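Trainee: Provided below are the primary sequence and the corresponding predicted coordinates.
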Amino acid sequence: MYRVSRVVTAAILLAQSLWAANLTAQQRTLELDPAKTQIQWTLGDVLHTVHGVFQMRSGVISFDPTTGVASGAIIVDSGSGDSGTKARDKKMDHDVLQTEQYPEIAFYPKRVIGNVPSQGASQIQVEGIFRLHGSDHDLKMVIPVQISGRQVSANTQFVVPYVAWGLKDPSTLFLRVAKEVQISINTNGNLK
């Protein structure tokens, strides 16, 4: 009897170890390449539309394909905003984004919804926290992804209602700008 119970106990421990190893093996990590990431922004005003870019510092997303639970961070240098006009960029840095006080814009993923295939194309949703100007905001992005080997390419678009989120409206008496900025991101990275 004692011997049977030891065998059963050993079998249960082995099964638990394999189950835990399987859960760990399912965790996947996507490391984004800042050199292969384009973050573009578009802001309308009464005379024309302003286009610009930001630079990503780093980006890592870890997720469990079974539960969708995600973690990590995508960090953007808030002072890297470039619209092609130095005076406008200086006003954006100093008056709107206040880059000396808030040097980063970040996205912290919390959940991946949808199937991330081992190869091929799919469309997923990523929910998380978008931190801008020291405040956190819920954000959900629809992201088409393409996986080839370990290489991943993805793109997304979303709107940031920056004035509603507490940032200064840069409009003047004669120049009125939109209260929302359109963001478009194209990125590439490696899936581990």
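Mentor: Cool, got the structure. Numbering: from 1, shown residues only.
Trainee: Would you confirm that Q151 contacts N188?
Mentor: Yes - using C-beta atoms under 8 Å, Q151 is in contact with N188, at 6.8 Å. The C-beta positions use only the backbone N, C-alpha and C, and glycine is treated the same way.
Trainee: more neighbours, the two?
Mentor: Legend: neighbour count by other C-beta atoms under 10 Å for Q151 and N188, higher for N188 (16 against 13).
Trainee: low pLDDT regions in the chain?
Mentor: Along the chain, segments meeting pLDDT under 70 span 1-25.
Trainee: And the helices in it, which stretches?
Mentor: 2-26, 86-91 (DSSP state H).
Trainee: Give me the nearest residue to G189, chain neighbours excluded.
Mentor: Once flanking residues are discounted, G189 sits nearest to L32: 4.0 Å by C-beta to C-beta, 6 or more residues apart in numbering.
Trainee: quick one: contacts for that neighbour?
Mentor: Residues near L32 by C-beta atoms under 8 Å, 6 or more residues apart in numbering: 56, 58-61, 74, 187-189.
Trainee: For H94, state which of those residues is nearest.
Mentor: Nearest to H94 out of the contacts of L32 is M56 (C-beta to C-beta; 22.0 Å).
Trainee: quick one, what contacts the closest one?
Mentor: 32, 34, 37, 39, 74-77, 187 are the contacts of M56 under C-beta under 8 Å, 6+ apart.
Trainee: Ok, Q38 next?
Mentor: The neighbours of Q38, taking C-beta under 8 Å, 6+ apart as the test, are 53, 184-187.
Trainee: Next step: the residues you listed restricted to strands.
Mentor: The strands, defined by DSSP state E, take in 53, 184-187 from these.
Trainee: picking up where we left off before, kindly indicate which of the contacts of M56 lies nearest D95.
Mentor: Of all these, D95 sits closest to D77, with 17.8 Å by C-beta to C-beta.
Trainee: Determine the number of other residues adjacent to the closest one.
Mentor: Number of residues near D77 (other C-beta under 10 Å) recorded here: 17.
Trainee: buried ones in stretch 89-101?
Mentor: The neighbour-count check on stretch 89-101 (16 or more other C-beta atoms under 10 Å) flags 89, 92-93, 96-99 as buried.
Trainee: Is it possible to get JSON lines of those that adds distance to I105?
Mentor: Output for the buried residues of stretch 89-101, formatted as JSON lines (distance: C-beta to C-beta, whole Å):
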{"residue": "D89", "distance to I105": "15"}
{"residue": "M92", "distance to I105": "12"}
{"residue": "D93", "distance to I105": "12"}
{"residue": "V96", "distance to I105": "12"}
{"residue": "L97", "distance to I105": "8"}
{"residue": "Q98", "distance to I105": "12"}
{"residue": "T99", "distance to I105": "10"}
